[in-house]
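> A predicted structure for the sequence below; I have some questions about it.
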Amino acid sequence: MRRVIKSLILIAAVAVVWAPVQARADGYFSPWAGVNFGSNISNGRAAVGANAGYMGAGVLGGELAFGYSPHFFGSTSDFGTNSVIDLMANLVLGIPIGGTHGAGFRPYISGGVGLIRTQLDHAGNRVDFQPLSSNNDFGYDLGVGATGYFAQHFGIRGDVRYFQDTQTGDFHYWRVSAGIVLR
């Protein structure tokens, strides 16, 4: 799984660097780290991921958001090897304060649809838990955040997002994250 994450980050970084000059000004790549909360299952569990997107005309854009949460359901001794992966295609509405070039600030809202994959490889020490369980569910996310640019191509970004699986409706969680932004 780490090899997949590293490959995705490398591919996105290469795409941002090799993009035409005009697209690079509005395109961005943001690796991040965060914490899941708001669920009776995963309060305080770490997550990592990356977002890559493009803000057309400065206000409306789209992004692809990837998140990986190892040990989402608990420790290995309690629940075995477990994780959640989310991959969402989002629309982004953001207002560039200070322009779209150089230093500036952009608050935004986002929302989209995609995949929420839960994986439980074995039950660990628990006998009441279903072993070898994985689900690929359709879901959605909604978020709010802000990006601050210190220079033309570098900044920081933070947001809060809500995730909900739409197939069962029972699986949901929040995530707060922060990371760097390259554009």
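Nice, thanks for sending it over.
> can you pull the buried residues of the helix or strand where R161 lies?
Using DSSP states H and E, R161 maps to strand 154-165. Within strand 154-165, the residues that qualify as buried are 155, 157, 159, 161, 163-165, counting by 16 or more other CB atoms under 10 Å. C-beta coordinates here come from the backbone N, C-alpha and C atoms, glycine included.
> which residues are contacting it?
Applying CB atoms under 8 Å, 6 or more residues apart in numbering, the external contacts of strand 154-165 come out as 30, 32, 38, 51, 86, 108, 110, 116, 137-150, 171-183.
> how near is the residue lying closest to G53 once chain neighbours are set aside to R3?
Nearest residue to G53 in three dimensions, chain neighbours excluded: E63, at 2.8 Å (CB to CB, 6 or more residues apart in numbering). Here E63 is placed at a distance of 24 Å from R3 (CB to CB, to the nearest Å).
> same check, this time on I95
Going from I95 to R3 by CB to CB gives 38 Å.
> of these two, which one has the most company?
When I95 and R3 are compared for neighbours, I95 comes out ahead with 11 against 7, by other CB atoms under 10 Å.
> does that one touch V59 like I think?
Yes: using CB atoms under 8 Å, I95 makes contact with V59 at a distance of 6.4 Å.
> what segments of the chain are helices?
With DSSP state H as the criterion, the chain has helices at 2-18, 21-26, 76-79.
> by mean pLDDT, show me the worst of those helices.
Ranked by mean pLDDT, the helices of the chain bottom out at helix 21-26, with a mean of 50.
> quick one, strands of the protein?
Ranges of strands within the chain are 27-37, 45-56, 60-70, 82-94, 104-120, 133-149, 154-165, 172-182, based on DSSP state E.
> packing partners for the first one?
With contacts defined as 3 or more CB pairs under 8 Å, 6 or more residues apart in numbering; DSSP states H and E, the packing partners of strand 27-37 are helix 2-18, strand 45-56, strand 172-182.
> now do the last one
The helices and strands touching strand 172-182, judged by 3+ CB pairs under 8 Å, 6+ apart, are strand 27-37, strand 45-56, strand 154-165.
> what comes up buried for the second one?
This means strand 45-56. By neighbour count on 16+ other CB under 10 Å, the buried set for strand 45-56 is 45, 47-55.
> on that earlier part again, how far off centre is the strand holding R161?
6 Å (CA atoms, centre = their mean, to the nearest Å).
> ditto for stretch 86-98
Mean-position distance between stretch 86-98 and its chain equals 12 Å (CA atoms, centre = their mean).
> S134: what's it in contact with?
By CB under 8 Å, 6+ apart, the contact list for S134 reads 117-120.
> that older thread, so the residue nearest to G53 versus S30, what's the distance?
For E63, the distance to S30 - CB to CB - is 9 Å.
> what do those two both touch?
With CB under 8 Å, 6+ apart, E63 and S30 have common neighbours 51-52.
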